[in-house]
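> below are the sequence and a predicted model for it; my questions follow.
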Amino acid sequence: MKHLISIDDLDQEEIEGLLDRAESFAEVSKRDIKKVPALRGRTVVTLFYEASTRTSSSFELAAKRLSADVVSVKSSGSSVEKGESLKDTVETLSAYDPAAIVIRHPQAGAADMLTNWVDAAVVNAGDGMRQHPSQALLDLLALRQRIGSVEGRKIWIVGDVLHSRVARSNIQAFSKMGAEVTVAGPPTLIPRRIEESGCEVRYSLDEIEEADVVYSLRMQRERMKESFVPSIREYARLFQINSRRLTPRQLVMHPGPVNRGVEIGGDVIDSDRCLIADQVASGLAMRMAILFELLAHGDHRESAEAPVPIGEPA
Amino acid sequence: MKHLISIDDLDQEEIEGLLDRAESFAEVSKRDIKKVPALRGRTVVTLFYEASTRTSSSFELAAKRLSADVVSVKSSGSSVEKGESLKDTVETLSAYDPAAIVIRHPQAGAADMLTNWVDAAVVNAGDGMRQHPSQALLDLLALRQRIGSVEGRKIWIVGDVLHSRVARSNIQAFSKMGAEVTVAGPPTLIPRRIEESGCEVRYSLDEIEEADVVYSLRMQRERMKESFVPSIREYARLFQINSRRLTPRQLVMHPGPVNRGVEIGGDVIDSDRCLIADQVASGLAMRMAILFELLAHGDHRESAEAPVPIGEPA
Amino acid sequence: MKHLISIDDLDQEEIEGLLDRAESFAEVSKRDIKKVPALRGRTVVTLFYEASTRTSSSFELAAKRLSADVVSVKSSGSSVEKGESLKDTVETLSAYDPAAIVIRHPQAGAADMLTNWVDAAVVNAGDGMRQHPSQALLDLLALRQRIGSVEGRKIWIVGDVLHSRVARSNIQAFSKMGAEVTVAGPPTLIPRRIEESGCEVRYSLDEIEEADVVYSLRMQRERMKESFVPSIREYARLFQINSRRLTPRQLVMHPGPVNRGVEIGGDVIDSDRCLIADQVASGLAMRMAILFELLAHGDHRESAEAPVPIGEPA
């Protein structure tokens, strides 16, 4: 594993390995000293061409907890705005000899292109509407920690599947790990031939009671203007995930940031069935695992354990 | 002391304790290695919904000098702009299990609300027009280092008291430590019934010679448009703190950033009587003390001394 | 050497010393642990009043690889936007007792002014159209690593010399080290009396084959609107540096960010003759050297070697 571009690149065993590693880092994150020296003296570049709190801060903190130095470049206030091409920006940053470059870019395939240009490990933190693999992996981790394996579980992914890189990565990841995936939403927001990726399709939530896990996607308000749905109110009436619609045993996930009262009800967000906080915590552990596997794995091949934390006896 | 939300929450003894601790950190800041390992491996989140250089960089550097990892989230370029609620943003960040969250928010009471949502220590770095407790504490430190105790001293707070959280916190803190506080400004900028908080009120600077310390508040230019004062020129004529108005023994403070030539004259800023640089230096030491007391105090209960700096013998 | 403001301040021997030091840091940057403890516990402030990726991230990473704590202030989102004067901002930041302040400012002479206001070492990272000394030094390093000394070499600096602080610093630095410098560009973009700084002037590229090194300057698109050149297409026709214009032995440099297809052809950027990546890598090593010489030199006077990296035996 040299880069992490797409869930496609991983087999079931590699995913299990990342989940195991992430669980050991989740343990580190519960300690007082939430840090390991694994990447000391190495540099991780984060390069975000789209606004982000959750993903960028999660990768940055993951790198810091691995003791790396972090260089964060955002499109705002950078030479990105001076019209420099992605290739030139990336070649510039790779002159720092970073161990990894974490990139989010509005163009599908941007992360793949990077792998041709740099020696660093490339981590795709979202490319257009295509992939967001670390999200899918952290979602698997959050589920594993709550209900164990997803094998045989029914997972419904609900909402704007068409524009969602999270949906694309998660359909693949959940299926690969043995879950039965259904996507549901208005026909305008379900991509044609999505069944071919191995999921079922529903155009209403009438049968949502069959789901073990309901994964609500963010509804981008811009889509309203583009007439994908008649109105927010109408969309919420038909597809909002709220307590009235769910049976007590069903779990709810969302990649964040949420629109309370649009795609998801505040009653659900504030309930125990909601895994959003678990997902964020899992995100940090999973991103530590991803960086560790890409950058330090060879040094620790003998052990699936996380390395000994700083300041603790070996 | 679990959080720092308001000067109200502190008694005189606790304030003295923070001042003592801050003085020991001021010593650390004079050393070559300006760092202690107290918070190594712990995470401090700063969450600023209003522009800030001074306060945000001061808290960030304070956390770094305590060896913490820092995650800085600003409203610009973050999911804050995607319309996420404060609660959801904060619950997201608290999934990183931070030791402290430092928040500035335009809404009064925002920091209080956080204490219900998170396990982390919450530090209020300014909530609307209500409180800015670390500012009041650093001002006490700057004064202590220049003139010792403020007990019995006359302190005038001059300018836009109405919109100033600094004024609210400082009236409380100065009074609590035994100073006699007077507020002065045009009637439109003095809140009704402010006397009930234990200060006197003047609507001119005619008697300013009685003050030992003159604390000039920032005049926000927006207020001009809202007709709180007839013009900047007229305001400056009546309420600017400058050398012509002061006797040599009087000290001047200002929370920054200053409007030279508006609420304060350049002659004063550049004179020895001006404590602005002392206030900023005190800010760093006081914020180290606040984070230390909230997060590490239990570990060092035996001693009012700062822990031994990194790289020096115990 | 207390500050680095202008190439004028350095003699040939001091430049050689910086190049030697930078070469030893370039070695550190090739190690797994790219870090030395030289500035542990010390603070470096970067203060950028103009957008920058390359220079700001390079200085920040250089400081981190020297183990300093970094405070980065950018004009956006800071009290700079509240109208605070440069002097007041700088005095505020100097209350943190930083070891160095690295400043970029649109006004010529801004960095000089700082040296009167602060105790910290001041590093000029670009002041208006005047100087950008670390760029000239890193360019010398990139050339030294490719072709050895520049003594006797012919270097052409091509393009918008009029508005370029890079050109001003590089003419001085290349000349001082014994190169023969020629500037070339349209008459509207060549400053009057530039010959007096010791270079020759050409208004076309007809004789460019005589150059050993061609240094292409960034063409700022704003200049088009100001009618310095008739059009981008016309400018590129006459002054673009591309393969058709060059003989195989000629090297090409550019300070970045590039406008592919305007002042420089993509064919050149992607060829071995292009030193852009070398320049960026040299920038990191040179900025480590600058900070080290200004801040830590006294501690290591006995040796031109870089200090022993963290985690390696002495």
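Yep, that arrived.
> show me where pLDDT drops low in the stretch 151-300 of chain A?
A:224, A:298-300 (pLDDT under 70).
> strands of that one, residue ranges please.
With DSSP state E, counting those that start in this stretch, the ranges of strands along the stretch 151-300 of chain A come out as A:154-158, A:180-184, A:200-202, A:213-216, A:251-253.
> likewise for the stretch 1-150 of chain A?
A:43-48, A:69-74, A:100-105, A:121-127.
> nearest to chain B, out of these?
When the strands of the stretch 1-150 of chain A are compared for distance to chain B using C-beta to the nearest C-beta, the nearest one is strand A:69-74, at 6.1 Å. The way it works is simple: take the backbone N, C-alpha and C, and place the C-beta from them, glycine included.
> strand partners (parallel or antiparallel) of that closest one?
According to DSSP bridges, strand A:69-74 has the following sheet partners: strand A:43-48 (parallel).
> list the buried residues of the partner strand.
A:43-48 (16 or more other C-beta atoms under 10 Å in any protein chain shown).
> now the most centrally placed residue in chain A. Nearest residue, chain neighbours left out?
Nearest to the mean C-alpha position of chain A, by C-alpha atoms, centre = their mean, lies A:Q135 at 1.0 Å. Using C-beta to C-beta, 6 or more residues apart in numbering or on different chains and skipping the chain neighbours, the partner closest in space to A:Q135 is A:V166 (5.2 Å).
> that neighbour against A:L217, yeah?
Yes - assessed by C-beta atoms under 8 Å, A:V166 is found in contact with A:L217 at 6.4 Å.
> common neighbours of these two, please.
Common contacts of A:V166 and A:L217 (C-beta atoms under 8 Å, 6 or more residues apart in numbering or on different chains): A:P255.
> CA-only coordinates of stretch A:207-225 in CSV, if you can.
The C-alpha trace of stretch A:207-225 is given here as CSV (Å, rounded to 0.1, in the frame of the first residue of the first chain):
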residue,chain,number,x,y,z
GLU,A,207,-39.3,0.2,3.6
ILE,A,208,-36.6,1.8,5.7
GLU,A,209,-37.6,-0.3,8.7
GLU,A,210,-35.5,-3.1,7.2
ALA,A,211,-32.3,-1.2,7.6
ASP,A,212,-29.9,-1.9,10.5
VAL,A,213,-28.0,1.3,9.8
VAL,A,214,-29.3,4.5,8.1
TYR,A,215,-26.6,6.6,6.6
SER,A,216,-27.9,10.1,5.9
LEU,A,217,-26.0,12.2,3.3
ARG,A,218,-25.6,15.9,3.5
MET,A,219,-28.0,17.9,1.4
GLN,A,220,-26.2,20.8,-0.3
ARG,A,221,-28.5,23.8,-0.4
GLU,A,222,-27.0,24.8,-3.7
ARG,A,223,-28.8,21.7,-5.2
MET,A,224,-32.2,23.4,-4.4
LYS,A,225,-31.4,26.2,-6.8
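> does chain B sit close to that stretch?
Yes - counting by C-beta under 8 Å from any C-beta of the partner chain, chain B is contacted by stretch A:207-225 at A:R221.
> can I assume the residue nearest to the centre of chain A is in contact with A:N170?
Yes - counting by C-beta under 8 Å, A:Q135 does reach A:N170; the two are 7.2 Å apart.
> which residues touch the nearest residue to A:S58 once chain neighbours are set aside?
Distances taken as C-beta to C-beta, 6+ apart place A:G283 nearest to A:S58, at 4.6 Å, with adjacent residues excluded. Neighbouring residues of A:G283 by C-beta under 8 Å, 6+ apart: A:54-55, A:58, A:134-135, A:138, B:95.
> give me every residue that touches A:E13.
A:E13 makes no contacts at all, as judged by C-beta under 8 Å, 6+ apart.
> just to revisit the earlier point, make a markdown table out of the strands of the stretch 1-150 of chain A and add mean pLDDT.
Converted to a markdown table, those look like this (pLDDT from 0 to 100):
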| stretch | mean pLDDT |
| --- | --- |
| strand A:43-48 | 96 |
| strand A:69-74 | 92 |
| strand A:100-105 | 97 |
| strand A:121-127 | 98 |
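> looking at those, which is closest to B:V229?
With C-beta to C-beta, the closest approach to B:V229 among the strands of the stretch 1-150 of chain A belongs to strand A:69-74: 38.9 Å.
> now the angle from the closest one to strand A:100-105?
10 degrees (axes from the mean of the first three to the mean of the last three C-alpha atoms, to 10 degrees).
> let's have the strands of the stretch 1-150 of chain A in a markdown table, adding distance to B:G185.
Shown next, in a markdown table, are the strands of the stretch 1-150 of chain A (distance: least, C-beta to C-beta, whole Å):
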| stretch | distance to B:G185 |
| --- | --- |
| strand A:43-48 | 45 |
| strand A:69-74 | 41 |
| strand A:100-105 | 48 |
| strand A:121-127 | 50 |
